[in-house]
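**Q** Make a model of this:
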Amino acid sequence: MSRVAKRYAKALFQLGVEEKKLEQLENDLTQMENLLKESEDFSLFTANPLISESEKAKILAKLFKGKLSDTGYNFLQLLTSKKRSSFLPDCIEQFRLLLDEHRNILKGELVSVVDLSDAQMDKIKKNVEKMTGKSIVFDKRLDPSIIGGFIVKVEDIIIDNSIRFQLNKLRERLIVQ
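**A** As a prediction, this is how the structure comes out:
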């Protein structure tokens with residue numbers, strides 16, 4: 001992540017806190033992010049340095065004027081006027097990280113062989129929340145190579161409770177003896 005994106009996202013976040021508009025800005029950035037994902041043309045447009053700032057500003061006004069909050073729209077125009085519109089995806093990502101931190105949320109990954117039941121997910125989630133002191137949101141991923149069990153990854157914490165890991169530990173102990 002670039003320092004430029006971090007600075008702009010931090011400034012936008014601080015403005016959102018001051019004006020009590022974090023949710024509104026989150027919605028604005030989600031709209032922009034959706035357009036970036038759905039339209040390759042829009043993504044290429046924001047990253048193209050050959051299109052003048054004034055031309056970009058006109059097109060962005062047609063796309064977003066009245067559809068975003070004033071703060072969100074002004075942020076987009078500011079990025080454009082400062083020749084930083086190519087940093088928009090990174091700014092959005094960084095803003096979301098700041099928002100999660102503000103809300104005391106950590107994102108993690110839960111890897112298992114099969115879909116876990118809600119009760120199993122809740123138990124794992126509660127244990128990790130107890131360890132970190134923060135709310136956890138898991139991205140779930142299936143991976144048959146772990147044979148059984150699960151792996152939890154949250155920031156620099158890895159809990160490997162997979163059968164593959166247990167078998168590897170057993171193999172190492174047998175080789176050492």
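**Q** quick one, phi/psi of residue 110?
**A** The phi and psi torsions at residue 110 (degrees, to the nearest 10) take the values phi -120, psi 120.
**Q** Which strand residues bridge it?
**A** Beta bridges link residue 110 to residue 140, residue 152, judged by DSSP bridges.
**Q** State the number of residues packed around it.
**A** 21 (other Cβ atoms under 10 Å). No exception for glycine: its C-beta is placed from N, CA and C like everyone else's.
**Q** list the contacts for the nearest residue to residue 149 once chain neighbours are set aside?
**A** Closest residue in space to residue 149, ignoring its immediate chain neighbours: residue 162 at 4.2 Å, by Cβ to Cβ, 6 or more residues apart in numbering. Counting by Cβ atoms under 8 Å, 6 or more residues apart in numbering, residue 162 makes contact with 111, 146-151.
**Q** rerun that using 6 Å as the cut-off
**A** Taking Cβ atoms under 6 Å, 6 or more residues apart in numbering, we find residue 162 in contact with 146, 149, 151.
**Q** Just the pLDDT for it.
**A** For residue 162, the pLDDT comes out at 91.
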